[in-house]
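**Q** Everything below, folded, please.
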Amino acid sequence: MTGILPSAFEPNASSSAITEFLRIVEPEIKLALGAAIDRENTKPLSAEWSVVPTTLHIFLRPDLAATVEPVYRRLEASFAESCRRHGLLYNRGYSAQVWSAIRDDAPAFEIVAQMGRAVSPDDLSFSAGRSQATQFESSIPRVDSDATLSDTSGPEDWDPSQWLLRVKMSAAKDEPQAYPLTESRCVIGRRAQESSLHANILLEAAPRTISRRQLAIVWEPRSGNPGFKVYNVGLAPLNIGDEELPGMNLDSQAFAWETLPELNSRWTQPEERFAIGRGLTLWIERNALEWEADPDATIT
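**A** Sure thing, here's the model as predicted:
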């Protein structure tokens, strides 16, 4: 989706360009973000894909990006919060990121949706052969809005259509919930109001004894055998077989994959059960349906 600036956007001597952008252009972009979310949800999704988060990337024309560069972190947070709130209408997880387009003749703004990928900037990059983008603290990253979005966190032997996370309430007689593991590493937990605490996979009807970020799972085959490294980053203990893994209690702290301690981890094979306290039993199994991994594919 592309946008054309309203003619009213004419910064004058008595008003800064940033103030005019926030007064006139920011609301226009938020309306476009809402329209993009509405359009994406006109067709019902399958139960598996309904829990997959979506990131809306906002590419600003270079001159506009330069205008708001001093406040772009606050602007990005505002867009992300608007997407999160609008997504609640459809019980879907949405976030937003702001980029500077490379071409000076680019539209005023352009919105590109990326479904089935992590919403953390650390897990986002663009395909090789195009301009690379990195989230910096002090400047808006520049990138070609036509670049192919990709997830570089997945190793070559990772298949995003092959694995399911199964979750069952310990005392329930219902069938376990199924969540597609579309990424080689993901964070699993309860729904959070704060965007900084969002998990990649939100467990439906999870009790309050489950942390907002409870487990971190990484694809890690060993000796030719499939498997996953499971980290307990929440508060409740994790039981795997006869072993109990204490929680790291990272519910309100910064999350970084490279600093997760081995003490709170355990390698597991598919079908191996592990339980969070007395509330949930989880396991990873092969996806017998093998649905299409392309998030743009038609869903029937």
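**Q** Return the helix or strand in the chain with minimum mean pLDDT.
**A** When the helices and strands of the chain are compared on mean pLDDT, DSSP states H and E, strand 125-126 comes out lowest with a mean of 36.
**Q** And for the closest residue to His57 other than its chain neighbours, the neighbour number?
**A** Leaving aside its sequence neighbours, His57 sits nearest to Val112 (C-beta to C-beta, 6 or more residues apart in numbering; 4.6 Å). For the C-beta atoms, the positions are set from N, CA and C on the backbone; glycine is no exception. For Val112, the neighbour count with other C-beta atoms under 10 Å is 17.
**Q** I'd say Val112 and Thr54 touch.
**A** No. In terms of C-beta atoms under 8 Å, Val112 does not count as a neighbour of Thr54; the distance is 10.8 Å.
**Q** about what we covered before: what score does the residue nearest to His57 have for pLDDT?
**A** Looking at Val112, its pLDDT reads 86.
**Q** Assumed it was part of a helix.
**A** No. Secondary structure of Val112 (DSSP: H, G, I helix; E, B strand; the rest coil): strand, not part of a helix.
**Q** Mind jotting down where the strands sit in the stretch 201-300 of the chain?
**A** Residue ranges of the strands in the stretch 201-300 of the chain, as given by DSSP state E, counting those that start in this stretch, are 201-202, 215-219, 228-232, 238-240, 243-245, 265-268, 274-276, 280-286.
**Q** Quick one, which of the ones you listed gets closest to Glu175.
**A** Using C-beta to C-beta as the criterion, the shortest distance between Glu175 and these is 12.8 Å, found for strand 280-286.
**Q** Mind giving me the packing neighbours of that closest one?
**A** Packed against strand 280-286, as judged by 3 or more C-beta pairs under 8 Å, 6 or more residues apart in numbering; DSSP states H and E, are the following elements: strand 163-169, strand 274-276.
**Q** can you give me the mean pLDDT across the shortest one?
**A** The average pLDDT for strand 274-276 rounds to 90.
**Q** That one pairs with which strands, parallel or anti?
**A** Sheet partners assigned to strand 274-276 using DSSP bridges are listed as strand 238-240 (antiparallel), strand 280-286 (antiparallel).
**Q** in the protein, which spans are helices?
**A** Secondary structure of the chain, counting by DSSP state H: helices at 17-20, 26-40, 62-68, 72-87.
**Q** Redo those helices as JSON lines? Include mean neighbour count.
**A** As requested, the helices of the chain are arranged in JSON lines below (neighbours: other C-beta atoms under 10 Å):
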{"stretch": "helix 17-20", "mean neighbour count": "15"}
{"stretch": "helix 26-40", "mean neighbour count": "16"}
{"stretch": "helix 62-68", "mean neighbour count": "18"}
{"stretch": "helix 72-87", "mean neighbour count": "18"}
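**Q** can you put these in JSON lines and add distance to Ala256 and mean pLDDT?
**A** Listed next are those as JSON lines, based on distance: least, C-beta to C-beta, whole Å; pLDDT from 0 to 100:
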{"stretch": "helix 17-20", "distance to Ala256": "32", "mean pLDDT": "88"}
{"stretch": "helix 26-40", "distance to Ala256": "28", "mean pLDDT": "92"}
{"stretch": "helix 62-68", "distance to Ala256": "28", "mean pLDDT": "90"}
{"stretch": "helix 72-87", "distance to Ala256": "19", "mean pLDDT": "90"}
